[in-house]
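S.K.: Got a sequence here, can you model it:
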Amino acid sequence: MLQSFSHSEHARVRFKWYKNPRTSSRACSGISFTSRSLGLADGFVGAGAFTCTAVDALVGIDLIGGLTGADCANGANICAGTAGDTKVGINYSRHSLNIVVVTCFVTANVGIKFDFKKNCSNFVDMKYMIMTLIVLSGLIQCGQRNTVQVEEITLAETTQISWDKTVHDFGDIAVTDGAVSCTFTFTNGGEESIYIYEVASSCGCTGVTFKREAVKPGESGTISATYKNEDGPGAFDKTLTVYVSGLRRPVILRLRGVVHEKKKSLSQIYTERLGDLGLKSLDIKMPGLKQGLVVSESFPAANLGKAPLNLEFTGLSPQISASVSPNPIPAGTVGKIVFTVSADKELWGKNVYTATPVVNGRKAARSLKLEAFTQENFALMSAAERDSASLPMFKSSTFDFGTVRKGEEEIKGYFEFENKGKSAFHVYKAEAESGAVSFIPMQDVPAGGKGTLGFQLDTQILPEGECVIMISLVTNSPLRPVVNLFVAGIVK
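M.R.: Down below sits the predicted model:
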């Protein structure tokens, strides 16, 4: 509940969320909202307090949780205006036509990201316009400074919460099965009581219930979720964003599964067959990975035979491990494979790992390929370290090579940028979606320096027609850990 809002000569903005006050001074950090702020029924969800990061005069404030200052900076071409500029950039999220508005204003180009979680057709709503004006009026004096002092928020170090699972896989269900439900159980392993402030669903197709009451140390609580199963056949992967007292970032829970028009046999669902082992695919996409951490993901495995199936793995890449349960898998049932990938300081960006199944003692003729994307881990950086980090600002995110004839010429191009941060900018890895792109070695760029990312494009490899190739840079910048650039043109 929004308790208070004050606007003093120091542009102090205070929001109180239940009994968890977060106050900001000068930097306008620590802004919190619940989904019911000013009567908003859904969307506009905030969690705890987030510290804005000052980069010269560019500040990003994320009101929906998960990032600190990154959104405005990642839209650098929108927010890097000169004094007095007012720029509005509109982007669309990948899911449910949600609209995101990034506004930069006045002299400090303060960036505020709003995710209304509304369908575009419902975007023009006076409540949101009023909310925007209120927040902007409260931040206006912060924007009148050319530099911003950031006040770091110290969070409770004793908060510990464990979950019985963070992903629930309903597996394969039919349209006629109707709604399906699951329960996530958490335990308070800390020294103080914790509260679940809010649980935000990624869409209206998922309902959620939980209790807003204190969970004492050692005690457990639950969050129940129901997928309504009203969207027809197809795969679904929905998220629940859980805001917990004392946690700087929300916890993400996932519900996933595949809906079929009618019931199917195991052999119809698990079409990749290795002996009696049935899999949906031999290519597996793992969650994003950060250095110093590990990620795990479970995948179903069916026993298509008439006897128990023992499953082991050989030829595992050094960075991965695998477990199977139950093992052996009873005949005509589905078991679970859990793959775990550990980050490797020598491996950045997209990498492919392998594992070869051994089914009842017999090595399979084909291997599984696991893909994971690794980037730097900035979670332990202090506000001061973030403030002194690198910040690349590219002049353009797209290189247009025009119209060329296939194979007749090799294209050379480059992207220019400036490091507006306070330390050297380093690219751990540059990679492209197409093998037609090769990169020219790039040196680190010092603070305040300018650099270029050079590349060559072999048109012989490209298909004819309109061509768009994405280039990804994995960097040491906490505000731009991954920079996406594009090479576009027409090949005849």
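S.K.: So what's the residue count around the closest residue to G435 other than its chain neighbours?
M.R.: Nearest non-adjacent residue to G435, counting by C-beta to C-beta, 6 or more residues apart in numbering: I461, 6.1 Å away. (Each C-beta comes from the backbone N, C-alpha and C, glycine too.) A count of neighbours around I461, defined by other C-beta atoms under 10 Å, yields 13.
S.K.: before we move on, which element is I461 in?
M.R.: Assigned by DSSP states H and E, I461 falls within no helix or strand.
S.K.: which phi and psi does I269 have?
M.R.: Dihedral pair for I269: phi -90, psi -40, per degrees, to the nearest 10.
S.K.: Which SSE is immediately downstream of the one helix or strand G221 maps to?
M.R.: Per DSSP H and E, G221 falls inside strand 220-227. As assigned by DSSP H and E, the chain's next helix or strand after strand 220-227 is strand 234-244.
S.K.: now the angle from that next one to strand 220-227?
M.R.: Here strand 234-244 points in a direction 150 degrees away from that of strand 220-227 (axes from the mean of the first three to the mean of the last three C-alpha atoms, to 10 degrees).
S.K.: and strand 234-244, what's its mean pLDDT?
M.R.: Mean per-residue pLDDT for strand 234-244: 94.
S.K.: which intervals of the stretch 51-200 of the chain have sub-threshold pLDDT?
M.R.: Applying pLDDT under 70 to the stretch 51-200 of the chain picks out residues 51-159.
S.K.: 50 instead?
M.R.: For the stretch 51-200 of the chain, the stretches with pLDDT under 50 are 51-158.
S.K.: How about the contacts made by the nearest residue to G361 once chain neighbours are set aside?
M.R.: With sequence-adjacent residues excluded and distances taken as C-beta to C-beta, 6+ apart, G361 is closest to N310, at 7.3 Å. If you count contacts by C-beta atoms under 8 Å, 6 or more residues apart in numbering, N310 has them with N327, P328, V359, N360, G361.
S.K.: what's near enough to touch the fourth one?
M.R.: Applying C-beta under 8 Å, 6+ apart, one finds that N360 lies in contact with G275, D276, L309, N310.
S.K.: how about a cut-off of 10 Å?
M.R.: By C-beta atoms under 10 Å, 6 or more residues apart in numbering, the contact list for N360 reads G275, D276, L277, G305, A307, P308, L309, N310, L311, E312, P328.
S.K.: count of neighbours near the last one?
M.R.: For P328, the count of nearby residues is 14 (other C-beta under 10 Å).
S.K.: Also L304?
M.R.: Neighbours of L304 (other C-beta under 10 Å): 17.
S.K.: Tell me the secondary structure of T183, please.
M.R.: Classification of T183 using DSSP: H, G, I helix; E, B strand; the rest coil returns strand.
S.K.: dump the residue contacts of it.
M.R.: Here T183 is in contact with D164, K165, H168, T209, T222, I223, S224, A225 (criterion: C-beta under 10 Å, 6+ apart).
S.K.: Just the buried ones out of those residues, please.
M.R.: Applying 16 or more other C-beta atoms under 10 Å to the contacts of T183, the neighbour count classes H168, I223, A225 as buried.
S.K.: so what's the first one up against?
M.R.: Same thing as H168. Counting by C-beta under 10 Å, 6+ apart, H168 makes contact with 180-184, 225, 227, 238, 240, 253-257.
S.K.: TSV for those residues, including distance to G204?
M.R.: Converted to TSV, these look like this (distance: C-beta to C-beta, whole Å):
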residue	distance to G204
V180	16
S181	16
C182	18
T183	20
F184	19
A225	13
Y227	11
K238	10
L240	13
L253	17
R254	17
L255	14
R256	17
G257	17
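S.K.: Narrow those residues to those that are buried.
M.R.: Buried, going by 16+ other C-beta under 10 Å: V180, C182, F184, A225, Y227, K238, L240, L253, R254, L255, G257, out of the contacts of H168.
S.K.: So in terms of bridging, what pairs with the fifth one?
M.R.: Going back to what we said before, that points to Y227. V180, T206 (DSSP bridges).
S.K.: State the distance from it to F439.
M.R.: Computed as C-beta to C-beta, to the nearest Å, the Y227 to F439 distance reads 43 Å.
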